[in-house]
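J.: Curious how this folds, go ahead:
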Amino acid sequence: MQGYDAKDLARSFRTVRANTIQIAEEIPEEQYGFRPAPGTRSVAETLAHLVTATAWPQDFHSRRLPATEFAFFRTAMEKAAAEAAQLTTKAKLVEALRTRGEEFAAWMEKLGDDVLAERVQYPAGMQPPDKTRFEMLLAAKEHEMHHRAQLMTVERMLRITPHLTRQMEARVAEMQKGATS
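T.: Below is the predicted model of the structure:
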């Protein structure tokens, strides 16, 4: 298919999930109810959303359904909401992020190029009218990155410097130290 295969998808998803877990661990549990603005998800709700967000693509693509349907998606979202409601503590959320993320990555890395290349039809009127399974699975990682960016902004609001920022600052300091030596 291309140079970026299922193993690469799984590896990159694991990296994204590891960064999400790091953020989940760094935000104090007493801040898990924090909402950056009215009408937005709390920290806990965002993390629970990420725990359950991979269930739909895994179920859908495991069945190798040729087209998406709103009814299938709606049912998956109802199931996800019920599961998310059970994730009531920081410990449960972090553990679920770990286990569900690894389950998704392990499943994804076994997909063949033939499966990733299959086109899936979208409901009438949606643009584009279809995507490859590869694009759809890549979107699962992009979706998590979107919410992780929100959580990094929340960290800033809570006066926590995100770990990725700290790592970059350390690299820059090391380069500057080397340049002056």
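J.: Using the three-state scheme, assign Pro128.
T.: coil (DSSP: H, G, I helix; E, B strand; the rest coil).
J.: Which pLDDT value goes with the nearest residue to it once chain neighbours are set aside?
T.: For Pro128, ignoring the flanking residues on the chain, the nearest one in space by CB to CB, 6 or more residues apart in numbering is Tyr122 at 7.1 Å. (Glycine included, C-beta is placed from N, CA and C.) Tyr122 carries a pLDDT value of 91.
J.: Now do the contacts for Tyr32.
T.: Counting by CB atoms under 8 Å, 6 or more residues apart in numbering, Tyr32 touches 42-44, 47, 90, 93.
J.: Which parts of this structure are helices?
T.: 6-26, 43-52, 55-63, 70-85, 90-108, 113-117, 133-157, 163-180 (DSSP state H).
J.: Turn the ones you listed into JSON lines, including mean neighbour count.
T.: Below are these laid out as JSON lines (neighbours: other CB atoms under 10 Å):
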{"stretch": "helix 6-26", "mean neighbour count": "18"}
{"stretch": "helix 43-52", "mean neighbour count": "22"}
{"stretch": "helix 55-63", "mean neighbour count": "16"}
{"stretch": "helix 70-85", "mean neighbour count": "13"}
{"stretch": "helix 90-108", "mean neighbour count": "17"}
{"stretch": "helix 113-117", "mean neighbour count": "14"}
{"stretch": "helix 133-157", "mean neighbour count": "17"}
{"stretch": "helix 163-180", "mean neighbour count": "10"}
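J.: what's the closest of the ones you listed to Phe34?
T.: Minimum separation from Phe34 across those (CB to CB) falls at helix 43-52, 5.4 Å.
J.: Please enumerate residues in contact with stretch 147-166?
T.: So stretch 147-166 is in contact with 16, 19-20, 22-24, 26-28, 31, 34, 36, 43, 46-47, 49-50, going by CB under 8 Å, 6+ apart.
J.: Repeat that for stretch 74-88.
T.: Here stretch 74-88 makes contact (CB under 8 Å, 6+ apart) with 44-45, 47-49, 51-53, 55-56, 59-60, 92-93, 96.
J.: And it, how far out from the chain middle?
T.: Here the centre of mass of C-alpha atoms in stretch 74-88, compared against the chain's by CA atoms, centre = their mean, to the nearest Å, lies 16 Å away.
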